[in-house]
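Visitor: Got a predicted structure here, sequence first:
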Amino acid sequence: MNFLALFDLSVLDSTVRLAVPLLLACLAGLFSERGGIFDIGLEGKMLAAAFFSAAIAATTGSVWIGLLAGIGASLTLSAVHGVASITFRGNQLISGVAINFLAAGLTVLIAQSWFRQGGRTPSLIGGGRFEPITLPFADALTTVPFFGPLYSELISGHSILVYVALLCVPGTWYILFRTRFGLRLRAVGENPAAVDTAGVSVVGLRFAAVGICGILCGIAGAYLATGLQAGFVKDMTAGRGFIALAALIFAKWRPWHALWATLLFGYLQAIALRPDIIEGALGFKVQVQLLDAMPYILTVVILAGFVGKAIPPRAGGEPYVKER
Amino acid sequence: MDVMPKWAEVVLVPLISLLLAAILSALVILAIGEDPIAAVNLMVTGALGSTYGWGYTLYYATNFMFTGLAVAVAFHAGLFNIGGEGQAMLGGLGVALVCLFIPWPHWTIAVLAATVGAAVFGALWAAIPAYLQARRGSHIVITTIMFNFIAAAVLNYMLVNILRPAGSMDPATERFPEAVHLPSLHDLLTPFGIAFSKAAPANVSLVIAVIACVLVWVLIWRTPLGLEIRSYGKSHRAASYAGIGAVRITMIAMLISGGLAGMMAINNVMGEAERLVLNAVEGAGFIGIAVALMGRSHPFGVFLAAILFGFLYQGGAELALWTSIPRELIVVIQALVILFTGALDNMVRMPLERIFLAIRRGGTT
C-alpha cells in the first residue's frame, strides 16, 4: 500500500481545476444565503452562464466578452429569483427549482436554434478560451526538489479565473466580516427586522446579495465552458451547483471553510477519474459510484449533526414582511 | 374573511398563471423562429388526435399522477419533497426485485406485490430525510436533493455490478418474465368493443393511479390523520399545541409521499420497459412538483394537471420529431409553470385581490 500515490501531482492539479467552479458557486451561495435568500438555483445560473459565455466567445472570438455575457445571463436569472422571492415574497425553493429547469431547457433550445449542432456550441479555439498562465520562474524552478514541481505544475499553469476564484476567498471573508456592508448583509440573514429598524433597506441588501451571487455563478459557469472545457454541451454543470450547495453546508456558511470543502469535493471528483491510482494505492478497488456519491453522503452526515451541527442563517428562506 | 371568492382562488389564479406561462412559451417558440400556432396544432394532433397519441399522453400522465400526489401530500404537511426523482428510482428497484426473483403465476397478484415493493422502497428512501428533518432539524429540501444523487449512484451500482445479466454490456436488468406483463389499455378496452392503439404504452397502472388519487383525497380530507397532516402543514406551532406530534406527522407524511413516488415504477418499469434501465424515471419526479403546484395540491387538480403535462410531454415528443424544436421546450414550459404557479403566485394574486376589494367596495357604497 502506498497512500502517497493518492496525492499524485496530476490528481492534485485536476483537483484544483475541478474545485474552482465548485468554489465560485459555493461563495455565490454563501452571499445569497448569508443575506437570507436560499438559492437552490446555483446549478441553473451556472449552466446559463456556461452557455452564453461559450456562445458569445465562439461568435466574437473574445473570451472576455464571453465572460461578460455569462455573467449577464446569470444575473438575469438572479433577477428573476430576486423578484420572485424578495419582491413577491414567493417560495425561494420553488423559485430555485424553476430557475434550474428554465436554464436546462433554454440553453439547449437556444443552442439548437443558434448553432444547429445538437444543443452544443462550436468548440472554442484561440482567443475564445482562457489559456493557462505560466507564473514567473515556473520553468526555472522545476529542477528544485519537491517545491519546484509543486510550484510549476500545481500552482502555476492555470487560467486566470482559477486565481480569481482563489482570491475571492479572502475577498469574501473581508467583505463579510470586515466591512459595514458585510455586517449588514449577515444581519439581514439573521434578523431582518432589526436591520429594518436601523433604517437600512432589507430589500436593497437582499437584492445586493442575490446580485453578487449572480456574478459569482456567472464566473463559475464561464470557467466551466471556456476554461475547464472548450465549449458548451448540454447539462454540462452535471450537478455541480448541488455539490456547491453541499459544500456550503459542509463549510457551515464560512468562506475559508468553503475553500477546504470545495477542494475536498474537487479531490473526490478528480480521484474518481483515476480508478487506477486508487487501486494502486489502496490495493483494492473502490466503486466509482461510491466516489460519485461521496459529497452527498458527507453532506447528509454533516446535516444529521454527527460531525458538529450545521446551522443556517436564521432568517434564511423566509420572506420579509415589513409591517405585521 | 378572504379577500377573494373561492372560485377565484381555485380557478382564476391558476388559470391566469397558466396563461402567463403559455404566453411566455409562445414567445420562446417565436424567438427561435417557429410558429407557435402551428406548434400547438401539431401537439394537439400528435398527443390527442389518435388513440396512439392518447396512449402515450395517458402513459406519461400516469407517471405524473403518482409523483404529483407525492409532492402534494408532502405540501399538505408543509414539507417540500424534492426527492421524488430518487424515490421513484428506488421504487423501480423494488419493482425489479419483486418481478425478477419471485415466480408469479399471474399479473394480477404480481402487480399488487410490485406496488407494495415499489411503495416500500420509495418510502424507505424518503424515511431517512424525513427522520433527519424530524429529529435532527436538517432541512428536508437539501437532504432530499442529496438523496436524489445518492439514489442515482445506488441504482448505477446495482445495475452495473449486480443485476446486469452476465455477458450484457447494457446497464439494465433482464426482461421480466412473461407472466408479469401488465395488460395495456388496448387489452383492457378490446372486450368492451373499443379499439385502442396496440403500440401505446398506457396500461392498467393508470387505473391504480386514479385509485391513488381517490385514496389520497379520502386520506387528506376525510380522515383524522389527514386533518392532522393539514393542521401541521398550516402551522407547526398550533399543531403542537393541539397535541399533534411533529415527528410522527413528518414521518408519516414523508413515508406516504415517498411511497407514492415509488409507485410510479409499476407504470414505467413494469408496465412499459418491462425491465429496469438506468434513466427509467426521466425527470418525472421533478415534473411532480409542477403538477402538484398547478393542481393546488388537490388530488383532482393533480389528476388534471398530470393529464395536461402528459399532453405536453407527448406533444413535445411529436414536435421534436416533425420540427426543429427540441424536446427541451417542454422543460422550459415546465419551468415557467413552476415559476408562475409556484414562486410568482403573489404576482398574480396581489393585483387580483386589489380588483376584488375594489369591486366589493363599489358594491357596498
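Guide: Okay, I see it.
Visitor: ok, A:Phe265 to A:Gly29 distance?
Guide: Here the criterion is C-beta to C-beta, to the nearest Å. By it, A:Phe265 lies 13 Å from A:Gly29. Yep, even glycine has a C-beta here, placed from its N, CA and C like the rest.
Visitor: How about B:Thr143?
Guide: In terms of C-beta to C-beta, B:Thr143 sits 16 Å off from A:Gly29.
Visitor: pLDDT wise, what is residue 96 at?
Guide: You didn't pick a chain, so chain A it is. Note on A:Gly96: pLDDT of 92.
Visitor: Oops, wrong one, chain B.
Guide: Looking at B:Ala96, its pLDDT is 94.
Visitor: Likewise for A:Val300?
Guide: Turning to A:Val300, the model gives it a pLDDT of 85.
Visitor: Extract the CA atoms of stretch A:291-307 and return them as PDB.
Guide: Below are the C-alpha coordinates for stretch A:291-307, written out as PDB (Å, rounded to 0.1, in the frame of the first residue of the first chain):
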ATOM      1  CA  LEU A 291     -16.900   8.200  -5.000                       C
ATOM      2  CA  ASP A 292     -19.600   9.900  -7.100                       C
ATOM      3  CA  ALA A 293     -22.000   9.800  -4.200                       C
ATOM      4  CA  MET A 294     -19.400  10.800  -1.600                       C
ATOM      5  CA  PRO A 295     -20.000  14.600  -1.500                       C
ATOM      6  CA  TYR A 296     -23.700  14.000  -1.000                       C
ATOM      7  CA  ILE A 297     -23.200  11.300   1.700                       C
ATOM      8  CA  LEU A 298     -20.800  13.500   3.600                       C
ATOM      9  CA  THR A 299     -23.300  16.400   3.500                       C
ATOM     10  CA  VAL A 300     -26.100  14.200   4.800                       C
ATOM     11  CA  VAL A 301     -23.800  13.100   7.600                       C
ATOM     12  CA  ILE A 302     -23.000  16.700   8.400                       C
ATOM     13  CA  LEU A 303     -26.600  17.600   8.200                       C
ATOM     14  CA  ALA A 304     -27.500  14.800  10.500                       C
ATOM     15  CA  GLY A 305     -25.400  16.600  13.100                       C
ATOM     16  CA  PHE A 306     -23.000  13.700  13.700                       C
ATOM     17  CA  VAL A 307     -20.000  15.900  13.000                       C
END
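Visitor: hmm, it touching chain B?
Guide: Yes - counting by C-beta under 8 Å from any C-beta of the partner chain, chain B has neighbours in stretch A:291-307: A:292-293, A:296-297, A:299-300, A:303-305.
Visitor: If you rank those by neighbours, which is first?
Guide: A:Thr299 (28 neighbours; other C-beta atoms under 10 Å in any protein chain shown).
Visitor: Quickly find the element holding that residue.
Guide: helix A:288-303 (DSSP states H and E).
Visitor: For that helix, which outside residues touch it?
Guide: A:242-243, A:246-247, A:249-250, A:265, A:268, A:271-272, A:275, A:307-308, A:310, B:128, B:132, B:136, B:138-139, B:142-143, B:146-147, B:149-150, B:152-154, B:156-157, B:160 (C-beta atoms under 8 Å, 6 or more residues apart in numbering or on different chains).
Visitor: What subset of these is buried?
Guide: Among the contacts of helix A:288-303, those buried by neighbour count (16 or more other C-beta atoms under 10 Å in any protein chain shown) are A:242-243, A:246-247, A:249-250, A:265, A:268, A:271-272, A:310, B:128, B:132, B:138-139, B:142-143, B:146-147, B:149-150, B:152-154, B:156-157, B:160.
Visitor: Just those: which are in helices?
Guide: If you go by DSSP state H, those have A:242-243, A:246-247, A:249-250, A:265, A:268, A:271-272, B:128, B:142-143, B:146-147, B:149-150, B:152-154, B:156-157 in helices.
Visitor: Can you report how many residues lie near B:Leu189?
Guide: 14.
Visitor: What helices and strands are in contact with the helix or strand containing it?
Guide: Element membership for B:Leu189 (DSSP H and E) is helix B:185-189. Other elements packing on helix B:185-189 under the criterion 3 or more C-beta pairs under 8 Å, 6 or more residues apart in numbering or on different chains; DSSP states H and E are helix B:51-76.
Visitor: and A:Ala5, what does it touch?
Guide: A:Ala5 sits next to A:277, A:280-281 when contact means C-beta under 8 Å, 6+ apart.
Visitor: Quick one: buried ones out of the residues you listed?
Guide: For the contacts of A:Ala5, buried by 16+ other C-beta under 10 Å: A:277, A:281.
Visitor: Closest to chain B out of the contacts of A:Ala5?
Guide: The closest of these to chain B turns out to be A:Ile277 (C-beta to the nearest C-beta; 20.1 Å).
Visitor: Quick check: residues of the stretch 151-300 of chain A near chain B?
Guide: Counting by C-beta under 8 Å from any C-beta, the stretch 151-300 of chain A sits next to chain B at A:239, A:242, A:245-246, A:249, A:287, A:289-290, A:292-293, A:296-297, A:299-300.
Visitor: How far away from the center of its chain is the helix holding B:Leu189?
Guide: Distance, stretch centre to chain centre, for helix B:185-189: 23 Å (C-alpha atoms, centre = their mean, to the nearest Å).
Visitor: Which parts of the stretch 201-350 of chain B are helices?
Guide: Defined through DSSP state H, counting those that start in this stretch, the helices belonging to the stretch 201-350 of chain B, from first to last, are B:205-222, B:224-234, B:236-241, B:246-263, B:265, B:284-294, B:299-322, B:328-338, B:345-364.
Visitor: for the helix or strand of chain A with the lowest mean pLDDT, which positions count as buried?
Guide: Here the helix or strand of chain A ranked lowest by mean pLDDT, DSSP states H and E is helix A:147-149, holding a mean of 75. Going by neighbour count (16+ other C-beta under 10 Å), the buried part of helix A:147-149 is A:Gly148.
Visitor: go on, stretch A:138-146?
Guide: Neighbour counts over stretch A:138-146 (16+ other C-beta under 10 Å) mark A:138, A:141 as buried.
Visitor: burial count for A:Ser156?
Guide: 18.
Visitor: pLDDT score for it?
Guide: Value for A:Ser156, per-residue pLDDT: 78.
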